[in-house]
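Enquirer: Here you go, sequence then predicted model.
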Amino acid sequence: MSTETMVSGTRPQGRVVWNKGKLIGQKPPLKLKEIWALRIRLQLGRRVRDLALFNLAIDSKLRGCDLVKLKVSDVAHGDQVVRRAMVMQQKTARPVQFELTDPTRDAVTAWIAKAHLAPGQFLFPSRVKSSPHLTARQYARVMKRWMRLIGLDPTIYATHSLRRTKATLIYRRTKNIRAVQLLLGHTKLESTVRYLGIEVDDALEISEQTEV
């Protein structure tokens, strides 16, 4: 059984472990049909902020701690949302670039206008006074609500699911692991291989295509 599907239980002595009943291991990325299902639900619900946050999470492939700290000036020059942006990663202190697709640029533009945000402001301000921007914990709670909207089990997914989503789609289409490494801002290729779990995925794909 893989670590992605393994559920922890109890210790031999009968003591309940801290993560009893919880899925452990890497969280799965979203599928293309799930991305569009959620976009449609957010659009129909006129959830302008959430649509901008979701689209930007998919396109940027940023960790949650970096995504929530984005400022308007990181993604927009004047009243124009840029097609490519660069931010410094908190974890590695290295810059990473990402593209903003047209749907994301439209969503971010609409959110900036609706919230009347200035260039120096955080792109996703917090609604509580204790933080000037959406916190990583708040972002995680929002993401769980998104999963429920489209009928997914929120315990199976995490914010890293969104970070992994586009990177996984790119790899599956191109098999270019080096490109994915650069997009994720990983310093080592081995980290990207482990992060995407591609060795396991590729092995399963080969197995499924092999008749005996």
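Expert: Good, I have the coordinates.
Enquirer: Counting neighbours, what do you get for Q43?
Expert: Each residue near Q43 was counted by other Cβ atoms under 10 Å, and the total is 14. Backbone N, C-alpha and C define where each C-beta goes, glycine included.
Enquirer: Give me the contacts around the lengthiest helix in the chain.
Expert: Identified as the longest helix of the chain according to DSSP state H is helix 159-174. Residues outside helix 159-174 that contact it (Cβ atoms under 8 Å, 6 or more residues apart in numbering): 26-30, 32, 35, 54, 57-59, 61-64, 67, 136, 139-140, 143, 176-177, 179-180, 183-184, 195-196, 198.
Enquirer: List the buried residues of stretch 167-182.
Expert: For stretch 167-182, a neighbour-count test (16 or more other Cβ atoms under 10 Å) marks A167, T168, L169, I170, Y171, V180, Q181 as buried.
Enquirer: now the end-to-end length of that stretch.
Expert: Using Cα to Cα, to the nearest Å, the end-to-end distance of stretch 167-182 comes to 10 Å.
Enquirer: Figure out how far that stretch is from the centre of its chain.
Expert: In terms of Cα atoms, centre = their mean, to the nearest Å, the centre of stretch 167-182 is set 15 Å apart from its chain centre.
Enquirer: Also stretch 86-93?
Expert: Here stretch 86-93 shows a centroid-to-chain-centroid distance of 16 Å under the convention Cα atoms, centre = their mean.
Enquirer: Show me the helices in the chain, by range?
Expert: According to DSSP H, the chain carries its helices in the segments 32-44, 48-60, 64-67, 72-75, 102-115, 136-149, 159-174, 177-184, 189-196, 198-208.
Enquirer: So which of those is nearest F122?
Expert: helix 72-75 (7.7 Å; Cβ to Cβ).
Enquirer: what's the spacing between the closest residue in space to W111 that isn't next to it in sequence and T109?
Expert: Sequence neighbours aside, A52 is the residue nearest to W111 in space, at 3.8 Å (criterion: Cβ to Cβ, 6 or more residues apart in numbering). A52 is 9 Å from T109, where distance means Cβ to Cβ, to the nearest Å.
Enquirer: higher neighbour count, the two?
Expert: A52 (26 against 16).
Enquirer: Deepest-packed of the helices of the chain, please.
Expert: Sort these by mean neighbour count, taking mean count of other Cβ atoms under 10 Å, and helix 48-60 sits at the top with a mean of 23.
Enquirer: list the helices and strands it packs on?
Expert: On a contact count with 3 or more Cβ pairs under 8 Å, 6 or more residues apart in numbering; DSSP states H and E, helix 48-60 meets helix 32-44, helix 64-67, strand 95-99, helix 102-115, helix 136-149, helix 159-174.
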